[in-house]
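**Student:** Show me the folded form of this:
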Amino acid sequence: MLDEKICILRDKLNKCISNGEDYSVIYKVSVELDELIAQYYSNMMEIAE
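**Tutor:** Residues are numbered from 1 along each chain as shown. Alright, predicted model coming up:
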C-alpha cells in the first residue's frame, strides 16, 4: 500500500519536473515523497526487529 503511494507520487513528481511546473509545486511533491519514503523505511525496520 505504502509502496504504491510512493510510486504514484514519484510519477507525479517526474511529470511536474517534465512539465516545468513552478518550483513550489515540485518542492511540495518532493517533500511528500520524502515523507512517504521515510515512513516506508521505518516500517521495514520495525518488521525486521
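**Student:** distance of Asn14 from Tyr27?
**Tutor:** Applying C-beta to C-beta, to the nearest Å, the value for Asn14 to Tyr27 is 14 Å. Every C-beta, even on glycine, is put in place using the N, C-alpha and C of the backbone.
**Student:** Might you list the low-confidence residue ranges for the chain?
**Tutor:** Judged against pLDDT under 70, the chain has no low-scoring part.
**Student:** Apart from its chain neighbours, what residue comes closest to the residue positioned nearest the centre of it?
**Tutor:** Centre of the chain computed as the mean C-alpha position; nearest residue by C-alpha atoms, centre = their mean is Leu33, 1.8 Å away. Take Leu33 and drop its neighbours on the chain: the residue closest to it by C-beta to C-beta, 6 or more residues apart in numbering is Leu9, 4.5 Å away.
**Student:** Now the longest helix anywhere in the chain: buried residues?
**Tutor:** The helix that spans the most residues within the chain, counting by DSSP state H, is helix 23-48. For helix 23-48, the buried set under the neighbour-count rule, 16 or more other C-beta atoms under 10 Å, comprises 26, 29, 33, 36.
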